[in-house]
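J.: Sequence and predicted model, in that order:
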Amino acid sequence: MQRHGLGSLLINHSLEIAKEKKFKFCFVSGESDYYPKFGFNRIKQKNLILPGAIDPERLHIIFFEEGIENKMGDKPWTVKSSN
């Protein structure tokens, strides 16, 4: 179903829900040439510690509140497993 715009619809809808729910940010692992058009920026792997391996070239983040990055504490930020 590629090239029918379904991925874009899903991403835009998800971002709107995240904003409505007052999320502060969202990060994704995905294609480096795809997510920037939705407002995501690459994040350096050294700034985010994840509970598993990830290709650092695929990591992107978007902030929904201006200045929130400065309120999130010192880097690296750590994401803990929910298990």
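T.: Cool, the structure landed.

J.: residue ranges of the strands in this structure, please?
T.: Using DSSP state E, the strands of the chain run over 25-29, 41-42, 48-49, 59-63, 77-78.

J.: wait, isn't Lys24 in contact with Phe63?
T.: Yes. Between Lys24 and Phe63 there is a contact under Cβ atoms under 8 Å: 7.0 Å. In short, each C-beta sits where N, CA and C put it, glycine included.

J.: Please identify the most buried of the strands of the chain.
T.: Counting by mean count of other Cβ atoms under 10 Å, strand 59-63 has the highest mean neighbour count of those, with a mean of 19.

J.: what comes up buried for the longest helix seen in the chain?
T.: The longest helix of the chain (DSSP state H) is helix 6-20. Neighbour counts over helix 6-20 (16 or more other Cβ atoms under 10 Å) mark 11, 15 as buried.

J.: Just want the angle from it to strand 59-63.
T.: Angle of helix 6-20 versus strand 59-63, following axes from the mean of the first three to the mean of the last three Cα atoms, to 10 degrees, is 40 degrees.

J.: List the contacts of helix 6-20.
T.: 26, 34-35, 38-39, 62, 64 (Cβ atoms under 8 Å, 6 or more residues apart in numbering).

J.: Take these and write them to CSV, including distance to His4.
T.: Below are the contacts of helix 6-20 laid out as CSV (distance: Cβ to Cβ, whole Å):
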residue, distance to His4
Cys26, 23
Tyr34, 15
Tyr35, 18
Phe38, 17
Gly39, 22
Ile62, 24
Phe64, 27
